[in-house]
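S.K.: build the 3D model from these lines:
(one chain, ligands or ions: 1)
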Amino acid sequence: AVVRPDPESEAELAFEGALRPSSLEEFVGQQKVRRQLQLLLEAASLQNRSPDHILLAGPPGLGKTTLAMIVAHEGARPLRMTSGPAIQHAGDLAAVLSSLVPGEVLFVDEIHRMARSAEEMLYLAMEDFRVDIMVGKGAGATSIPLELAPFTLVGATTRSGLLPNPLRDRFGFTAHLEFYEPEELLRVITRAAALLRFEIGQDALTEISGRSRGTPRIANRLLRRVRDFALVNGGPADRDAVQAALELYDVDDWGLDRLDRAVLTAIVDRFAGGPVGLSTLAVSVGEEAETIEAVVEPFLVRTGLLSRTPRGRVATPRAWQHLGRRPEPTALD
Ligand code: ADP
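M.R.: I've put the predicted structure just below:
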């Protein structure tokens with residue numbers, strides 16, 4: 001699974017669950033997407049039918065799972081959650097689909113990692129609420145059509161480019177989630193601190209929101225680390241505590257973490273600033289190419305530290321500066 005390198009312990013997951021907004025109204029930011037979803041849900045409810053299938057695309061931690069839960073919650077619909085990697089055969093999908101109750105919301109996280117054979121079954125299910133189940137083998141094999149209850153598929157992906165067109169086309173609505181502005185993250189963690197009854201200064205919250213990679217999940221986690229820090233050290237949760245805690249967890253002034261910096265450092269130090277191909281880069285930092293592409297790069301691109309060119313990844317002058325290095329003079333200088 002594509003997750004940040006920090007462990008997804010039970011405690012982290014329970015903590016995330018406790019902070020999830022349960023309505024579109026409470027969901028911070030992504031205003032356009034929220035209004036689009038609102039319209040889609042209202043139209044469905046007026047017509048007394050299941051909302052159209054929804055695809056949510058964007059880097060991890062921006063609220064895809066939360067939105068899927070909101071879609072179910074706002075329509076008072078049951079929710080079933082699964083993920084692409086859990087669907088390795090068409091049969092796995094058939095089992096899920098055939099057990100849905102009418103109007104259920106089916107959330108498939110990392111939908112781009114589902115087995116090919118299941119994808120094909122899904123096309124028909126999304127379009128006609130029907131699947132063809134293959135029975136028997138070889139010449140004696142027949143397919144038996146099976147009617148499904150109407151449902152709403154909510155797919156999430158960090159890599160919408162990897163979805164085959166026929167699948168992408170079957171979603172009535174695709175939302176591309178964007179990184180959040182610091183002011184928006186400030187709202188996310190101000191709410192979280194209140195829910196946690198954690199007394200923390202305004203400037204400390206501001207500091208956290210500026211160093212969270214534009215990502216609510218990271219902002220909430222940093223808030224928790226700062227709470228730990230204040231608890232253990234017995235001091236106030238102020239800006240100094242934030243700085244000390246973030247230093248301890250290797251988060252720098254711009255919110256880059258260890259892996260972000262490892263990627264930039266590799267490009268600059270080992271490949272003279274690039275261009276370097278994704279797979280070479282991945283090997284050189286000891287990470288999966290998919291993680292680099294879906295998790296690390298979007299934020300580096302968005303902060304202007306990295307550019308993706310047809311010939312490979314290039315560190316921008318800003319990246320050299322951030323790492324405290326000077327680009328080698330080239331023949332052109
Ligand atoms: P994804 O599925 O995209 O990886 P999640 O939906 O699991 O992300 O969100 C991660 C965490 O961030 C959750 O704890 C959630 O409460 C919080 N979060 C995400 N988006 C928002 C938002 N817009 N407003 C408030 N909290 C958010």
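S.K.: which helix or strand contains residue 174?
M.R.: Counting by DSSP states H and E, the element that carries residue 174 is strand 173-176.
S.K.: buried residues in that strand, which are they?
M.R.: Residues 174-175 are the ones in strand 173-176 that count as buried (16 or more other C-beta atoms under 10 Å). In short, each C-beta sits where N, CA and C put it, glycine included.
S.K.: that strand pairs with which strands, and in what direction?
M.R.: strand 54-57 (parallel) (DSSP bridges).
S.K.: ok, residues contacting the strand holding residue 174?
M.R.: The contact list for strand 173-176 (C-beta atoms under 8 Å, 6 or more residues apart in numbering) reads 30, 33, 36-37, 40, 52-58, 67, 160, 168.
S.K.: got a ChimeraX select line for the buried ones in the residues you listed?
M.R.: Filtering the contacts of strand 173-176 down to the buried ones (16+ other C-beta under 10 Å) takes a single ChimeraX command:
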select :30,33,37,40,52,53,54,55,56,57,58,67,160,168
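S.K.: if I look at the closest residue to residue 29 other than its chain neighbours, how far off is the ligand?
M.R.: Counting by C-beta to C-beta, 6 or more residues apart in numbering, residue 184 is the residue found nearest to residue 29 once chain neighbours are left out, at 3.9 Å. Distance, residue 184 to the ligand, by C-beta to the nearest ligand atom, to the nearest Å: 7 Å.
S.K.: please, which helix or strand holds residue 184?
M.R.: helix 182-195.
S.K.: repeat that for residue 80.
M.R.: Residue 80 belongs to strand 79-83, assigned by DSSP H and E.
S.K.: the helix or strand just after that strand - contacts with which helices or strands?
M.R.: Next helix or strand after strand 79-83 toward the C-terminus (DSSP H and E): helix 90-98. Contacts defined by 3 or more C-beta pairs under 8 Å, 6 or more residues apart in numbering; DSSP states H and E place helix 90-98 against helix 116-128, strand 130-135.
S.K.: and these, which one is worst for confidence?
M.R.: When the helices and strands packed on helix 90-98 are ranked by mean pLDDT, strand 130-135 comes last with a mean of 89.
S.K.: which residues are contacting that one?
M.R.: By C-beta under 8 Å, 6+ apart, strand 130-135 touches 90, 94, 97-98, 121, 124-125, 141-148.
S.K.: if we use 10 Å, what do you get?
M.R.: 90-91, 93-94, 97-98, 117, 120-125, 141-148 (C-beta atoms under 10 Å, 6 or more residues apart in numbering).
S.K.: those, buried ones only, as a PyMOL selection?
M.R.: Those of those that count as buried under 16+ other C-beta under 10 Å are selected in PyMOL with:
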select buried, resi 90+93+94+97+117+120+121+122+125+148
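S.K.: residues touching the nearest residue to residue 211 once chain neighbours are set aside, list them.
M.R.: Nearest residue to residue 211 in three dimensions, chain neighbours excluded: residue 255, at 3.9 Å (C-beta to C-beta, 6+ apart). For residue 255, the contact set (C-beta under 10 Å, 6+ apart) comprises 182, 185, 208-215, 218-219, 222, 246, 299, 303.
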